[in-house]
Every structure is written in structure tokens, then in C-alpha cells.
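Participant: Model the structure of this input:
(one chain, ligands or ions: 1)
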Amino acid sequence: MSTHDRLLIIDFGSQVTQLIARRLRELNTYCEIHPYQNVTDAFLRDFAPRAVILSGGPASVIDEASPRPPESVFSLGVPVLGICYGQQVMMQMLGGRVERGHGTAEFGRAYVAPAARHEALLLGWFLDGREQVWMSHGDHVSAIAPGFEVYGTSPNAPFAITGDPARHFYAVQFHPEVHHTPNGRTFFENFLRIAGFTGDWTMGAYREEAIARIREEVGDAHVICGLSGGVDSSVTAVLLHEAIGDQLTCVFVDHGLLRQNEAEEVVAMFRDHYNIKLIHADESELFLGELEGVSDPEQKRKTIGRLFIDVFQKYAGRIERAEFLAQGTLYPDVIESVSFSGGPSVTIKSHHNVGGLPEKMGLKLVEPLRELFKDEVRALGHELGLPASFIGRHPFPGPGLAIRCPGEITREKLDILRKADAVFIDQIRKHGLYDEIWQAFVAILPVRTVGVMGDGRTYDFACALRAVTSVDGMTADYYPFSHEFLGETATRIINEVQGINRVTYDITSKPPGTIEWE
Ligand code: XMP
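Facilitator: Numbers count the residues shown, from 1 in each chain. Predicted structure coming up:
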């Protein structure tokens, strides 16, 4: 448990609750999101927040069964900020009134004009007269609670910004957490200052604390860490190594479906540079053998997943006194989200490569990143001295090149694919585009086409380039390369990679496509 000043975000099911946490973390403030159903009087006492934020949500406070925080939130003696639904629930509970829309619903951009002045809350606000904000509400507050004053109004929200300065309760109708409220960060900064936060949540401090916690948790036992070369498992491994040194052994399963030079790079970085005990489990023969003749995408995934667990277990079983399995689980994987069809539901990624293993092997889990968002993991990676080339890597799927080789997988196709992929990534890096792109790769297509090179006819594979922008991989857009870039890349691939004589660019977004071809 963190020793920092803590802010509690009570979630009422808004689509953007996570963004509140992101904004606060950017302001070096430790916060946690908990669904309203879990926030009881006892929970509040234990959590001991320095401030509370009530999130937005889809319910209407006018409905009797609508969600509420416990009354005791308002008697903790700490500042409370209500956002959208949070504002309405606050007004309702503290003696104000909320009414249904009737022409006052507002969705999208709105402008708030200043009313009474609250210097501390509105420092840096209204410098140009009004502020752009993002509204998304059906109901509206029609009477504010006793003790509240109005600091900002919009045409459809006369109580856009309100507050009770004596108790430090503040309530806003708009969403300061979204990008469409450009000055939202300053608003949060002001609220945090009023609440007495000092900005003590930094990656430097986190590193020290995480190391102390790992040492305490693990004692003198041994820890196994599955290393994929991706940023999450790399940061997990380096952090653990700093904490427990030789009590850590990493297992890197090489299934023969990695990109060019990938295995060498991982071994060079972790074994040679960091001096981490690393088992390089080269099992490519086993995987490729079992995949022979398999062309169905799900069958490929199942085969790889099954073998992965077997192989991991085989190597991990050789590590003496291993009691823990390290996993690079992140905060978004463990946040419980509010579900209105029932109780709180837990969202956990389904494709953890070692799913089911801890129970099977009788291992306990150590998850030192489970409080962090992805960009905090990157910041921690920098802090730990991992090279930028590892931290900024594009994501790579567990089944690797198997799902970039539609149809049957052969060694020949994999070799061709690796070379083409390396040229494409080289082009992207040379043009300074790598960090703008979320993921880029080549897929080798299960089709041979006719071409002409020199005086001869060729009959070789076609390939597809894929490059997308995305925030989380859930939706994606194809990257708008220039025609010059595409032409140059196609020429290089055909000239440098024997076995490919045709290059296409995939311009499908997700949805309706997926990022990978299988
Ligand atoms: P799709 O193709 O579903 O990909 O749009 C979204 C993101 O997930 C990755 N991906 C996988 N990762 N095992 C993984 O570990 C898988 O089976 C798998 N399938 C897709 C994909 O690379 C992209 O980042």
C-alpha cells in the first residue's frame, strides 16, 4: 500500500473516469479509482484519503435506485470535488435540487463565463474572459445546496462551477478531465493545492518504494519472470533485479516466431548488460514442428499458448526455491469498472501468456507495476536506465509472426517475412516516424504473384505493410504515409528481400478490420 498522500476517486461508471486518474497522476498525485459499491464507511476510514473526487456516470440522481457515495464522504473533513453526475449527487445529498433535462441537456463543447471569484480554485482560469469546457449531461442542478456559491455559468448550466469554500466542497457540471476542456489540468492543479497535495508521486520515489516492497514481499525466496522483450516485462525484470539481484531468474521463450535479431537483442540486453540470470529457451524446433500444417488462426494461437505454458513450466521447474512468478500487470488491468447490469466487474486482459500458471505451479504472484499506467511504466523504465529503444518499442503479440503469416507457416515464409519487416521498420525509423506510429509490421500473404525483374519472370510472394495509430489497440487508424515513402519502401523490399515481388499497403482501420491480419 502506498505511503503517499492519497486521493480517492469514487467511480459512478463514466466512460472517462480513468482520465481523471491520468490527469492527477500527471500532476504527481497518487490516486485510486474504486467503484461506488465498494466504498463503505469502513473503506473510507482505511483508505484515509486527503481528498475525494466523485466521477461522472450514466445514471440519473432523480431515480430512487441511483448510485450514491456514503454520507460519511461529506464528514471526513477533506475536500470533495463532484464532476457531472458527481456534482448532481453532491447537490442532492447536501440539500440542493436536480431536475430532468427538458431542453437543458448539453453534449459537447460549451463556454463557461466567470461569476463570483474563488482565487484559489480558479487561478489561471478566465484569463481570456471565458473557458472552453466539455459538457455531457441530461439532468441539471436547479438549486444549489446551502453554503454553495456560483463561480462559473454557461448558457445551459447556470451552476457550471460551484463551491462551498468553508468545507472545500466543489462541484462542476463539465468534465475537466477530458482534452476538450483545455484548461482542465490547471483546474485539477488548483483543487489539489487546496487539498494540500505536494506532488510527491514521482517515478524516482516510486522506484525506491517498489524496491523496498518487493524485498519485503519476497524475502529470500526466488522469483521467476517471463521476459518477452516488451516494455512491461522488461521494466518488471529490471526493477526486480535491482530489488533482489540473483534471486531473480528470467525465462525468455523463443518460439521461433520472433522478429529479426530479437532474441539476440534481448539476451544481449538482459544477460550481458544487466547481468540478469536469463534462461534463453530456444524451442523454435518444437513450436514450428507442431505448427506444421496448421493454418487456422485460432488453432495457431491455441497451439502456441499450450506449448508456451509447457515450455515455461519445464524451464521454471528447474529453478530452485522458486516461490514467486513476476507479472507485468498494469493498473488499467486491475481497475474494477462499474457495471450497471450487476455488481462491480473486473476487467483483466485475457491474453496473459502465463495465464493459469501460478496456480498450476503453486507460485505466488509478484506484480510490481500494478499501480501504474502504461506511460508511467515507460517513465519508470527511463528512471531505471533502460535504453529508449526498449522503452518505446511497438507492441508485439504473444503468438508473434505466426499471426502475420496467414495460412500455413513455413520456415521459408518466416525468413522472408523477417527480412521484409526489418526493411519496413528501418524505413520508418529513417524517416523519423517510429514514435508517431503505434504499431507497424509486415504480413506475408499466402499468394504468389507474377512479376518481372531484369529480363526474367518472377513468381514470388506478395506482402502487406501495416502501420496504425492508436491509443490502446482497441481502435486504430491506418498511418497516412506519403506516396514517396510507400514507393521507396516497396522498392527497397523488392530489391533487398528475395522471395517478395509485390508490396501492398493495408489502409483498413479498426473497426472494421483488426490490427493483425489473423
Ligand atoms: P487486433 O489484431 O486484435 O490487435 O486488432 C490488437 C492488439 O493486440 C495484439 N494482439 C495480440 N497480443 N496475443 C497477444 O499477446 C494475441 O493473440 C494477440 N492478437 C493480437 C496486436 O498485436 C495489437 O497490438
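Participant: Find the residue at the geometric middle of this protein.
Facilitator: residue 374 (4.6 Å; CA atoms, centre = their mean).
Participant: Now name the helix or strand holding the closest residue to residue 498 other than its chain neighbours.
Facilitator: In space, residue 498 comes closest to residue 416 once its chain neighbours are excluded; the distance is 7.6 Å by CB to CB, 6 or more residues apart in numbering. Backbone N, C-alpha and C define where each C-beta goes, glycine included. For residue 416, the host element (DSSP states H and E) is helix 411-430.
Participant: Likewise for residue 22?
Facilitator: helix 17-26.
Participant: just to revisit the earlier point, so, in contact with the ligand or not, the helix holding residue 416?
Facilitator: No: on the criterion CB under 6 Å from any ligand atom, helix 411-430 is out of touch with the ligand, staying 13.1 Å away.
Participant: quick revisit: residues touching the residue nearest to residue 498, list them.
Facilitator: 444, 461, 463, 497, 498, 499, 500 (CB atoms under 8 Å, 6 or more residues apart in numbering).
Participant: swap in residue 14?
Facilitator: 55, 56, 57, 58, 83, 84, 85, 175.
Participant: just to revisit the earlier point, show the average pLDDT along the helix holding residue 416.
Facilitator: Averaging pLDDT along helix 411-430 yields 98.
Participant: do stretch 116-128 as well
Facilitator: pLDDT averaged over stretch 116-128 gives 95.
Participant: now do stretch 475-482
Facilitator: 95.
Participant: likewise stretch 175-183?
Facilitator: Here the average pLDDT along stretch 175-183 is 94.
Participant: Now the terminal residues of that stretch, how far apart.
Facilitator: 11 Å (CA to CA, to the nearest Å).
Participant: For the closest residue to residue 5 other than its chain neighbours, give its distance to the ligand.
Facilitator: Nearest-residue entry for residue 5: residue 50, 4.5 Å, with adjacent residues in sequence omitted and distances by CB to CB, 6+ apart. Counting by CB to the nearest ligand atom, to the nearest Å, the gap from residue 50 to the ligand is 37 Å.
Participant: do the same with residue 316
Facilitator: 19 Å.
Participant: quick revisit: which one of the contacts of residue 14 is nearest residue 181?
Facilitator: Comparing those against residue 181 with CB to CB picks out residue 175 as the nearest, at 6.1 Å.
Participant: Now do the contacts for the closest one.
Facilitator: 14, 16, 56, 83, 84, 133, 134, 135, 136, 181, 184.
Participant: Which secondary structure element is home to it?
Facilitator: Short version, using DSSP H and E: residue 175 is in no helix or strand.
Participant: Ok, residue 365 next?
Facilitator: Residue 365 belongs to strand 364-366, assigned by DSSP H and E.
Participant: Return the set of buried residues in that strand.
Facilitator: Applying a neighbour-count criterion of 16 or more other CB atoms under 10 Å, one finds residue 366 buried in strand 364-366.
Participant: Flag the shaky bits of the stretch 101-250 of the chain, pLDDT-wise.
Facilitator: 102-104 (pLDDT under 70).
Participant: Lovely, talk soon.
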